[in-house]
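Colleague: After the sequence you'll find the predicted model.
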Amino acid sequence: MRARSILLPTASLVALALVRCGGSAAPAPRVAAPVVPPAAPSAVAVAPPPAPVLIHEEGDACVESKSGSNAACTADSTREVVCRGGKEVLNRHCRGPDKCQVYAGAAHCDDDYAEIGDHCEPNLGDDNYSCSVDRQNEILCDRRSRQFGLYAVCRGPKRCHVDNHTINCDAALGRVGEPCDPVGTFACSEDASSRLQCSEVGTWAKELDCRKSACTIRDNTVYCE
């Protein structure tokens, strides 16, 4: 903020002689000098509190925060650790392309790619999906166990891939008995001899044998005769 300056006006004081008959000139009036207020004391700069150190390794001594997150990243950015019982312990692996990063005063773990059985954190108000590291499967974070489990097998040519943190599973090809989603969708068998449908129990089941021509997919539609 810019300082506001106060200009004190000045005036030329001219003694006006009041001449009286037979008298002397009146003395010049006495004008009090302008009062300048004392300068305000300068503000004392207060240093901001030090930023928390959010790079730790498993086994490091730590103090649990009573408010906010206890999460930190390891130095190699591959894991997220949390403070429990006075020591840093592994919370989850960060296998996504952004790995584990510290910004905006917090640790952020990219788990867009994960392994079945990895510890995970459920998203608030939404499910937490990932691709398996080998891109063969779409996996889902179970809210109770907080572990990734198999959700769907991605046997299509694009497999499981991530676009701007959105998980895409190519399920154009399927295998009877494997998990699928959503119910009612279709796929071709791997040998193109039959058309499959995702059953009410969430697994692929044979819906039709393709006796005249091989099972094909065009414009997201499954053709089988």
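Modeller: Cool, the structure landed.
Colleague: Residue 223: what's it in contact with?
Modeller: Residues near residue 223 by CB atoms under 8 Å, 6 or more residues apart in numbering: 213, 215-217. To be clear about C-beta, it is placed using only N, CA and C from the backbone, and glycine gets the same treatment.
Colleague: just for the protein, where's the confidence low?
Modeller: Counting by pLDDT under 70, the chain contains low-confidence ranges at 1-53, 67-68.
Colleague: Find the centremost residue of the protein, please.
Modeller: Closest to where the C-alpha atoms of the chain average out (CA atoms, centre = their mean) is residue 108, at 6.3 Å.
Colleague: so where does it fall, helix or strand?
Modeller: Residue 108 is located in strand 106-109, with elements delineated by DSSP states H and E.
Colleague: what do you get for residue 161?
Modeller: If you go by DSSP H and E, residue 161 is part of strand 160-163.
Colleague: Adjacent strands (with direction) for that strand?
Modeller: Its sheet considered, strand 160-163 pairs with strand 166-169 (antiparallel) by DSSP bridges.
Colleague: tell me which strands and helices the very next helix or strand once past the strand it pairs with is in contact with?
Modeller: Using DSSP H and E, the next helix or strand after strand 166-169 towards the C-terminus is strand 173-174. Using 3 or more CB pairs under 8 Å, 6 or more residues apart in numbering; DSSP states H and E, the elements in contact with strand 173-174 are strand 186-189.
Colleague: Next, the contact list for the residue nearest to residue 199 when sequence neighbours are not counted, please.
Modeller: Spatially, and ignoring its direct neighbours in sequence, residue 199 is nearest to residue 205 (4.4 Å; CB to CB, 6 or more residues apart in numbering). Neighbouring residues of residue 205 by CB under 8 Å, 6+ apart: 176, 196-199.
Colleague: hmm, back to that, got the contact list for the strand holding residue 161?
Modeller: Strand 160-163 is contacted by residues 96-97, 112-113, 131-132, 135-138, 154, 167-170 when judged by CB under 8 Å, 6+ apart.
Colleague: Give me the buried positions along it.
Modeller: Using 16 or more other CB atoms under 10 Å as the test for burial, strand 160-163 gives 160, 162.
Colleague: Please parse the protein into its domains.
Modeller: Using automatic domain parsing, the domain parsing of the chain gives 52-110, 111-170, 172-225.
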